[in-house]
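Visitor: Would you be able to build a 3D model of this:
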Amino acid sequence: MPSILIQLDEPLLQSLNRIAPAAKRQRAEFIRQAVREAVRKRVYAAINDAYLRQPDSAEDAVPWTNAEAWPSPEAGKP
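Guide: Have a look, this model is predicted:
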């Protein structure tokens, strides 16, 4: 796994150490999770923005009002 070097100011480092201490790699995993979440939010925001710029037309929309009922798991039992 590649490594990167980041610099944190002292108050931010102290806050990070309170939440995820460096022992047992908790701090590194916390930072990885935070980066994953930030990337996920950006991707979803981009998708949302694209739909806002060009929403589905009424003709392309799926008419859910006439959808079939999903069979219950109990329906196939004797």
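Visitor: helix, strand or coil for residue 28?
Guide: helix (DSSP: H, G, I helix; E, B strand; the rest coil).
Visitor: Grab the nearest non-local neighbour of residue 27.
Guide: residue 20 (4.6 Å; Cβ to Cβ, 6 or more residues apart in numbering). Any C-beta I mention is one placed from the backbone N, CA and C, and that applies to glycine too.
Visitor: Show the contacting residues for that neighbour.
Guide: Residue 20 is in contact with 26, 27, 29, 30, 31, counting by Cβ atoms under 8 Å, 6 or more residues apart in numbering.
Visitor: can you rerun that using 10 Å?
Guide: Applying Cβ atoms under 10 Å, 6 or more residues apart in numbering, we find residue 20 in contact with 26, 27, 28, 29, 30, 31, 33, 34.
Visitor: measure the closest residue to residue 30 other than its chain neighbours to residue 73 for me?
Guide: Spatially, and ignoring its direct neighbours in sequence, residue 30 is nearest to residue 20 (3.5 Å; Cβ to Cβ, 6+ apart). Distance from residue 20 to residue 73, counting by Cβ to Cβ, to the nearest Å: 42 Å.
Visitor: same question, residue 8
Guide: From residue 8 to residue 73 the distance is 51 Å (Cβ to Cβ).
Visitor: Compare these two (neighbour count), which wins?
Guide: Here residue 8 and residue 73 are set side by side on neighbour count (other Cβ atoms under 10 Å), and the busier one is residue 8, at 12 against 7.
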